[in-house]
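K.L.:
sequence first, predicted coordinates after that:
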Amino acid sequence: MRLAFFAAAFALSGACAAQDAATVVPANVVPQPGQVVASGAVPDQATKADVLAKLQQLYGVGNVIDRIDVGGVVAPPNWSSHVGKMISPPLKQINRGQLDIDGTQISLRGEVQNEASRQQIASSLATALNPTYKIVNGLRVAAAKDEQGMLDNLLANRTVEFETGSATLTTRGRELLDEVANVLPRIRADKVQIIGHTDSSGSRATNLALSQARADAVKAYMVEKGLPTGRFDAVGVGPDQPLMTNATAEGRAKNRRIEFRAGS
């Protein structure tokens, strides 16, 4: 089974406990700063309720968006208990964070302030678990705001275009990536994460695969332009991090995008 938590911003204060499922934000709401999205599949309703309650305890009443499906998966022994141990205060040190739990495989992504925090957060989670759980530490040290700002401004109101339903770049998509490739040598951060996003049309599994394929295609294009392959990490997050509602054509178009996040 797979469970993912995405936080629009990991910085809440005054979080309080809540057990009432009615306080969970509906799935169709676009996440705002301070909110966390829970998605994926769990084996039963009790596990779902436990996960949502722990997220509410950490992030606050009304700040948890429920996109968790129930059924069709089998959990490892004591899985719910281990997941609960991972939903802990160290997560709140991460900005633009995502915690993916796929059985006993755990992936942690997002931005932290320094290298010490990057190592400490992953270590604290690993210490709380038994050795059968493996953690991939994909956290990165945030780039200087002016450097990230160059990338954000370049992509503002512009989209890296692909052929419909595929990972094939269009001519306009390649032209925009040519501009990005010219800017990247001025970014001092060691690593740049390429993040693929989709809208919510179709199944989540299909969208995750498509977003990963598109992120991989962008990385391949950057390498073709002469940039070192080791500088890039390509990640597909599917529909889990929308900018706007998926209820409108305009919103869906905005949600289908590529992001570049610079960091060490």
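P.N.:
Perfect, thanks for sending it.
K.L.:
quick one: secondary structure of Asn182?
P.N.:
helix (DSSP: H, G, I helix; E, B strand; the rest coil).
K.L.:
so which residue is dead centre in the chain?
P.N.:
Central residue of the chain (C-alpha atoms, centre = their mean): Gln98, 4.2 Å from the mean position.
K.L.:
how near is that residue to Val180?
P.N.:
From Gln98 across to Val180, the span is 22 Å (C-beta to C-beta, to the nearest Å). In short, each C-beta sits where N, CA and C put it, glycine included.
K.L.:
any idea which element the residue nearest to the centre of the chain lies in?
P.N.:
strand 95-102 (DSSP states H and E).
K.L.:
so what strands line up beside that strand?
P.N.:
strand 2-7 (antiparallel), strand 105-112 (antiparallel) (DSSP bridges).
K.L.:
and the average pLDDT for the shortest one is what?
P.N.:
Along strand 2-7, the predicted confidence averages to a pLDDT of 56.
K.L.:
report all helices and strands that the helix or strand following it contacts.
P.N.:
Using DSSP H and E, the helix or strand that follows strand 2-7 in sequence is strand 36-42. Helices and strands touching strand 36-42, by 3 or more C-beta pairs under 8 Å, 6 or more residues apart in numbering; DSSP states H and E, are strand 2-7, helix 45-59, strand 64-70.
K.L.:
max-length helix in the chain?
P.N.:
helix 204-224 (DSSP state H).
K.L.:
compute the inter-axis angle for that one and strand 64-70.
P.N.:
110 degrees (axes from the mean of the first three to the mean of the last three C-alpha atoms, to 10 degrees).
K.L.:
number of residues surrounding Ser183?
P.N.:
Heads up, residue 183 is Val, not Ser. 14 (other C-beta atoms under 10 Å).
K.L.:
which ones are touching it?
P.N.:
Val183 sits next to Met150, Leu151, Leu154 when contact means C-beta atoms under 8 Å, 6 or more residues apart in numbering.
K.L.:
in three-state terms, how would the first one be classified?
P.N.:
Following three-state DSSP, the label given to Met150 is helix.
K.L.:
swap in the last one?
P.N.:
Three-state call for Leu154 (three-state DSSP): helix.
K.L.:
quick one: it and Asp178 touch, right?
P.N.:
No - Leu154 lies out of contact with Asp178 (C-beta atoms under 8 Å); the separation is 11.2 Å.
K.L.:
out of the two, which sits in the busier spot?
P.N.:
A direct count of neighbours by other C-beta under 10 Å for Leu154 and Asp178 places Leu154 higher, at 14 against 11.
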